[in-house]
Structures are given as structure tokens and as C-alpha cells.
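Colleague: Pasting the sequence and the predicted model now:
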Amino acid sequence: MSRLRLPKVAKKSPAEVELMRQAGAILARTLTKLCEAVRPGVSTAELDELAEAEIRGAGAIPSFKGYNGYPAALCAEVEEVVVHGIPRKSEILREGTLAGFDLGCIYQGWHSDAAFTAAVGEVDELRQRLLRVTAECLDRAIAAVRPGAQLAQVCRAVQDHAEAEGFGVVRSLVGHGIGRRMHEPPQIPNFVDNGGFAEYDLVLRPGMTLAIEPMITAGTYEVRVDADGWTTRTADGKPAAHFEHTVAVTKDGASILTPYRCQP
């Protein structure tokens, strides 16, 4: 499919995957508590403090804080914010909106990365459907992970489902490999085009570890970045949703290393 050069993707040993599983368990517990704390009236800064305290209390390090100068442990993704929203005391969650949270941690030198989006109180039918479809996109992508599959099959699983439901698939932001570093090869787009990524041809093998993260919008897939250099919003101001898991490729398929509980 692609004539570009395939990146070298590191495979982890069973012992290394187990350490990543321990990092993922810390992250999953933290994200589950965050999901339980999402309600009208809470600030994104309060949730950031909760996330950092949980991670540090478990003997891990919040991997986002200080990464390329990012100022917080948590990325807050309220309504039209797709990724990288900086938590603020002044940003109060409101009934009827969507609030997403992306978080990473490092444990014994190994990274985990995951995200969820939740309804703040009761939301309208469009937002309910956007949440459901985005979560299903992640489920379908993970189901496509198996030894011998091409990465394009994972990418296509997201795009086909989202677009069949009338939603947009963000093009300028992608998932990634993960391990000793937060971002490792390969890049993992949520769409397939004609040769834009060499990674489409990558054959999945046991020991590869991937952060798969559909970013789906209620309108255009185009985004814009705020003056802070981080906060990335839909260009048309319509809501977005974001779900992510860190997974390991095994001989039987995919093993989710970040099994948080937060269902749309």
C-alpha cells in the first residue's frame, strides 16, 4: 500500500510487557476514579490534582507533566477540545456537555497512556451517540489487533465505523507505539489513505505495544490549536470524543494493559 520506509518497531519481552501492565494498572485505577469524579461543578484543575495524587501515591510518575513543557498531569478535553487541553481552575464542568481526559504514567521506567470521554450529567442524543460510537471505534480497532494483521486493518476499523455513523475522523493527530518512551514507532492513524503512512504496511507481531486512540468529531475532522500551543479544538466548534488504551500484541490477539472502567 505504501512506498514509504517502514519504521523499526521495538518488541517487548514478556517481562517488559508485565512491567507495562503494572504501569497500566496504576493508570486504569486513576482513570476509573477520574470517571467517578466527573460531575457538574467540578473544575478540570481539581481533576488534574486528583490524577497526579493518585499516580504519585502509587509510586509512579505522571508522564505528561513537563513533557515538552506541558504544565499539567492531565489533558482535559471539554466539548470541542479534541486533545491537549490544559486544566484550569476557571474551567468548570457543566451539565449537558462532554468531558474527556487523557493521562499517562511511568512506572519503573515503562509508560502507559489512556483516555476516556464522559457525559457530564445528562447529554443530548448527538453526544450520547458520539460517545458510544467512539468507544465502539476503540473496541473494533483492538479487535483487529492480532499477529500477522497489517496495521492498516486497525486504522480502517476506526474509520469505517465512525464514518458509517456520520462522524468525522481527525487526520492530524494519531496514536503511537509506547514503551520506554511515551511516543515510539509506529504512528497509528485512525484512517487509511493512499500511502500517507508507511505504517499501514506494518505487520503486527507479539511483543509490540501500541497506544490506540480514536479521536472522533460530530462535524469536520479539521482542528485548530489555541494560542497556548497545546489546546486543540475542532475547527467548527462541534463536540469531539476520545478513547484510548495501551495494548500489547500477543499470540492470541490484543491484551489491554489499561483496563479502566468508564462506559459511555
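Modeller: In hand now; what should we look at? A quick note: this is a predicted structure, and the numbers were derived from the prediction, not measured.

Colleague: For residue 221, give me its contacts.
Modeller: By CB atoms under 8 Å, 6 or more residues apart in numbering, residue 221 lies in contact with 168, 169, 170, 171. Where you see a C-beta, it was placed from the backbone N, CA and C, and this is true even at glycine.

Colleague: Drop anything exposed from those.
Modeller: With burial judged by 16 or more other CB atoms under 10 Å, the buried subset of the contacts of residue 221 is 168, 169, 170.

Colleague: Tell me the one of the residues you listed nearest residue 67?
Modeller: For the buried ones among the contacts of residue 221, the residue nearest residue 67 by CB to CB is residue 170; the value is 20.2 Å.

Colleague: Show me which helix runs longest in this structure.
Modeller: The residue-count maximum for a helix in the chain (DSSP state H) belongs to helix 14-37.

Colleague: got the buried residues for that helix?
Modeller: With the criterion 16+ other CB under 10 Å, helix 14-37 contains buried residues 16-17, 19-35.

Colleague: as a whole number, average confidence for the helix or strand that it is followed by?
Modeller: Beyond helix 14-37 on the C-terminal side, the first helix or strand identified by DSSP states H and E is helix 44-57. Predicted confidence along helix 44-57 averages 98 (mean pLDDT).

Colleague: Show me what helix 44-57 is packed against.
Modeller: Other elements packing on helix 44-57 under the criterion 3 or more CB pairs under 8 Å, 6 or more residues apart in numbering; DSSP states H and E are helix 14-37, strand 61-62, strand 74-78, strand 97-107.

Colleague: Make JSON lines out of these and add distance to residue 225 and mean pLDDT.
Modeller: Listed next are the helices and strands packed on helix 44-57 as JSON lines, based on distance: least, CB to CB, whole Å; pLDDT from 0 to 100:
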{"stretch": "helix 14-37", "distance to residue 225": "24", "mean pLDDT": "98"}
{"stretch": "strand 61-62", "distance to residue 225": "22", "mean pLDDT": "98"}
{"stretch": "strand 74-78", "distance to residue 225": "13", "mean pLDDT": "98"}
{"stretch": "strand 97-107", "distance to residue 225": "16", "mean pLDDT": "98"}
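
Colleague: Many thanks, we can stop here.
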